[in-house]
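K.L.:
Here's a sequence, model it:
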Amino acid sequence: MNSGIIIILTLILIAVILLFLSSFFFPIESNNSKIHGSAEFSQKSSMRYGNKGWVIDGDMKALSRSDSYTHLLTLAPTGSGKSTRFCIPNLLRLDNCSIVCTDPKGDLYEKCGDALRQKGFDVLLFDVDNPSASSHFNPLHRLEDDADIQHFAGSLIAIENKAVEVQAIWTLGPARLLQALITCLKNIPDQRFCNMSVLIQLMKSLNTEKMQRFVELYGDIDTKEWFADWIIKPDKTREGQVMSAQAALTRFDTQKVKVLTADDSIDFSSLRSKKTAIFLKVPSGDPARLGTIISVFYSQLFRFLLTSKLSKNDLGIMMILEEFGNLSVIPNFSSVIALIRSKKVGLALICQDLQQVYSLYKTKAHTIVSNCSSILAYPGIKDPTTLRYLTQLLGKATIEIKKSGRASQLMGRNLLNQDEIRTLESWAGIFIHGNYYGEKITTIPIYKNKGLMKKFGIQSIDGSLVPQEIIMQQEIELAEDFIRFPLEKELETQTEIDLKKKLDQILEDDL
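P.N.:
Below you'll find the model as predicted:
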């Protein structure tokens, strides 16, 4: 046999042997192995120790700050531990930023306020239930031009009617009426009386003749032209618009809210220049009604952040929107969430399930959910829409079924079925970020994180958190409440007297 042929055959044999051996060490994946889906639990994570963004596991694994600016949707049923596993760990871990936090019961402020002060934060509490101990927020104070006034008036009407957009056609008439009155108030020389209480009194007491005189005294050219056209409209049209405008102010027509909005002590610009934490406390007894003022607060804050120039050294802002699906609508929020990330603002929307978001924001809910790059889900979710959504996001895997005496068969299976998500262990959670595969994570409640509690002087009492300083001062604070109450009532009474006197002066003919 020719030696050349022998060499060729030998090389072929060696190649076959090498190919055979390589199949063991470097297996070639068959396309059929993923025919029904390629989902798996992620082998890599977007969370890292030492990252400065949202803390996901309740301990130290966090997103980067830039990933946090793409927003987080947290799905947490009642009793799932969202406060102890997410809110409190983030409030204690976040630093070198500013924080805005919806605090439905005031627990987060009580448990984390002192710790934040230790870290150098200016800590503010906006408490609808206790005006004398609260920072004040006057929505009219920060209206600087016609565009601000128009947006604010439209927001009031939209919130009252649960409209997700400010510029709905049917809201324009009542909004324009409010805009005219606010414009006049902004032109009154004594700006101490440019507040919600005076606006409410104007709406209650102005008949057509008095309103005409008020506009003549303080209206600008556009307002006077609008009023001249409005006054000749049919009585029924005017009355309907007045009623709608009055309804939009009804939720501000309580003694406590009038005191809270009489002046302003919250500076939005300070959120960018120094570490600031603002807690927005909503009384648990009536969150839907009193949540209106919280919606107005967020609406004005978002507008400020979107229209302000961002400087290189400006602090980022992290916002925890607890009970996001259970308070009042924030107008234009679907646009806000898409744009605000470019302003170094990270949102953590916390709700019980997706159905809450869809019920509140209707056709805009899908846009809101889609603009959250991260999803964190806790055990116990029962809403079918939410369970189906999570199952679809996690995807399908291809599994091999072997039966005795038969060839193996490839089948598709959800990575986690709906019942498996609902019945997750109490310590577990599902986390999905961007284009990463989903992760099944372990979450740690703050009362089991001894190192973090010790660092900030926090004790664990029956699984609840109580800062040592609060334990020591409980009796003092109780006594202060009894002292403060008559002072607060006296303040409210005097405020009402001053406002009524001023309003009478404005409307008197001798003006």
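K.L.:
Now do the contacts for residue 95.
P.N.:
Residues near residue 95 by C-beta atoms under 8 Å, 6 or more residues apart in numbering: 52, 119, 275. In short, each C-beta sits where N, CA and C put it, glycine included.
K.L.:
thinking the last one is in contact with residue 121, fair?
P.N.:
To tie it back to what came earlier, the one meant is residue 275. Yes - using C-beta atoms under 8 Å, residue 275 is in contact with residue 121, at 4.6 Å.
K.L.:
What pLDDT is listed against residue 216?
P.N.:
Looking at residue 216, its pLDDT stands at 91.
K.L.:
Please tell me I have it right and it contacts residue 224.
P.N.:
Yes - judged on C-beta under 8 Å, residue 216 makes contact with residue 224 at a distance of 7.1 Å.
K.L.:
Quick check: the residue positioned nearest the centre of the chain vs residue 282, distance?
P.N.:
Geometric centre of the chain, nearest residue: residue 321, 2.8 Å, by C-alpha atoms, centre = their mean. From residue 321 over to residue 282 the distance is 11 Å, taken as C-beta to C-beta, to the nearest Å.
K.L.:
Can you tell me how far the residue nearest to residue 299 when sequence neighbours are not counted is from residue 441?
P.N.:
Leaving aside its sequence neighbours, residue 299 sits nearest to residue 155 (C-beta to C-beta, 6 or more residues apart in numbering; 4.9 Å). Residue 155 is 38 Å from residue 441, where distance means C-beta to C-beta.
K.L.:
Below-threshold pLDDT in the stretch 201-350 of the chain: ranges please.
P.N.:
The stretch 201-350 of the chain contains residues with pLDDT under 70 at 284-289.
K.L.:
please redo it, this time with the cut-off set to 90
P.N.:
201-214, 230-233, 235, 237-240, 251, 254, 256, 282-292, 325-328 (pLDDT under 90).
K.L.:
ranges for the helices of the stretch 51-200 of the chain?
P.N.:
Remark: helices assigned in the stretch 51-200 of the chain by DSSP state H, counting those that start in this stretch are 65-68, 82, 88-93, 107-118, 146-160, 172-186, 196-205.
K.L.:
scratch that, the stretch 201-350 of the chain is what I was asking about
P.N.:
208-218, 221-230, 235-249, 255-260, 270-273, 287-307, 333-339.
K.L.:
Ranking helices and strands of this structure by mean pLDDT, which lands last?
P.N.:
helix 468-507 (a mean of 46; mean pLDDT, DSSP states H and E).
K.L.:
tell me the phi and psi of residue 10?
P.N.:
phi -60, psi -40 (degrees, to the nearest 10).
K.L.:
contacting residues for it?
P.N.:
Contacts of residue 10 by C-beta under 8 Å, 6+ apart: none found.
K.L.:
can you pull the pLDDT of it?
P.N.:
Residue-level pLDDT assigned to residue 10 equals 76.
K.L.:
ok so, going back, will you turn the helices of the stretch 51-200 of the chain into a markdown table that also has mean neighbour count and distance to residue 240?
P.N.:
Formatted as a markdown table, the helices of the stretch 51-200 of the chain follow (neighbours: other C-beta atoms under 10 Å; distance: least, C-beta to C-beta, whole Å):
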| stretch | mean neighbour count | distance to residue 240 |
| --- | --- | --- |
| helix 65-68 | 20 | 46 |
| helix 82 | 22 | 43 |
| helix 88-93 | 24 | 46 |
| helix 107-118 | 20 | 42 |
| helix 146-160 | 22 | 13 |
| helix 172-186 | 22 | 8 |
| helix 196-205 | 20 | 14 |
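K.L.:
Distance to residue 377 for those - can I get that in TSV?
P.N.:
Shown next, in TSV, are the helices of the stretch 51-200 of the chain (distance: least, C-beta to C-beta, whole Å):
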stretch	distance to residue 377
helix 65-68	18
helix 82	11
helix 88-93	17
helix 107-118	21
helix 146-160	29
helix 172-186	38
helix 196-205	39
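K.L.:
Which one of these lies nearest to residue 131?
P.N.:
Closest approach to residue 131 among the helices of the stretch 51-200 of the chain is made by helix 196-205 (12.2 Å; C-beta to C-beta).
K.L.:
CA atoms only for that closest one, dumped as CSV, please.
P.N.:
Below are the C-alpha coordinates for helix 196-205, written out as CSV (Å, rounded to 0.1, in the frame of the first residue of the first chain):
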residue,chain,number,x,y,z
MET,A,196,-54.9,77.1,49.4
SER,A,197,-57.1,78.3,52.2
VAL,A,198,-57.7,81.7,50.5
LEU,A,199,-58.2,80.0,47.2
ILE,A,200,-60.9,77.8,48.7
GLN,A,201,-62.6,80.8,50.3
LEU,A,202,-62.6,82.6,47.0
MET,A,203,-64.3,79.7,45.3
LYS,A,204,-66.9,79.5,48.1
SER,A,205,-67.8,83.2,48.4
